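A.B. asks: Turn this into a model:
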Amino acid sequence: MATCNEPPASVFRRALQASLDKDFNTAITLFEQLTGVELYAKKAYAFSKYMNKIKECDMDFLISMADQGHASAQHSLGVCYQKGYGVPQDRTEAARWYRLAAAQGRATAKKVLEL
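C.D. replies: This is a model prediction of the structure:
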């Protein structure tokens, strides 16, 4: 659990470490403590820098979050399958994850499906 005064960067680092340790429940709890802006900024940076270098443990975490219904993770998993980042490229699987994210109102997933 994060303390009230713990900086967002520290919470984010602990969440990433928990995901590396495959403690997905702790990781998700920590990620959910960050505000949308804090999490988006950290996630956007991490994905823009490392998307083509996703490791197996990162995929396990992403799949775990997507399976639990997190629209952002579902969309990101769609991107991974579409581009072949960390998994074999599979447009059918990509479309499945995009549809799940779009069903929850994820606008970017809806746009991809419209193309």
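A.B. asks: ok, so what distance separates the residue most central in space within the chain from residue 6?
C.D. replies: Nearest to the geometric centre of the chain sits residue 73, at 3.7 Å (Cα atoms, centre = their mean). Distance from residue 73 to residue 6, counting by Cβ to Cβ, to the nearest Å: 23 Å. Any C-beta I mention is one placed from the backbone N, CA and C, and that applies to glycine too.
A.B. asks: Past the least confident helix or strand in the chain by mean pLDDT, which element shows up next along the chain?
C.D. replies: None of the helices or strands of the chain scores lower by mean pLDDT, DSSP states H and E than helix 36-50, at a mean of 53. Next helix or strand after helix 36-50 toward the C-terminus (DSSP states H and E): helix 56-67.
A.B. asks: Identify the residues contacting that following helix?
C.D. replies: Residues outside helix 56-67 that contact it (Cβ atoms under 8 Å, 6 or more residues apart in numbering) are 19-20, 22, 24, 27-28, 54, 72-74, 76-77, 80, 86-87, 97, 100.
A.B. asks: where are the low-confidence patches of the protein?
C.D. replies: 1-5, 34-58 (pLDDT under 70).
A.B. asks: can you give me the helices for it?
C.D. replies: 8-20, 24-33, 36-50, 56-67, 71-83, 91-103, 107-114 (DSSP state H).
A.B. asks: Please identify the deepest-packed of these.
C.D. replies: helix 71-83 (a mean of 22; mean count of other Cβ atoms under 10 Å).
A.B. asks: Provide the angle between the direction of that one and the direction of helix 24-33.
C.D. replies: If you take axes from the mean of the first three to the mean of the last three Cα atoms, to 10 degrees, helix 71-83 sits at 110 degrees to helix 24-33.
A.B. asks: Give me the distance from helix 71-83 to the chain's centre.
C.D. replies: 8 Å (Cα atoms, centre = their mean, to the nearest Å).
A.B. asks: Measure how that helix sits relative to helix 91-103, angle-wise.
C.D. replies: Using the same axes, to 10 degrees: helix 71-83 against helix 91-103 is 160 degrees.
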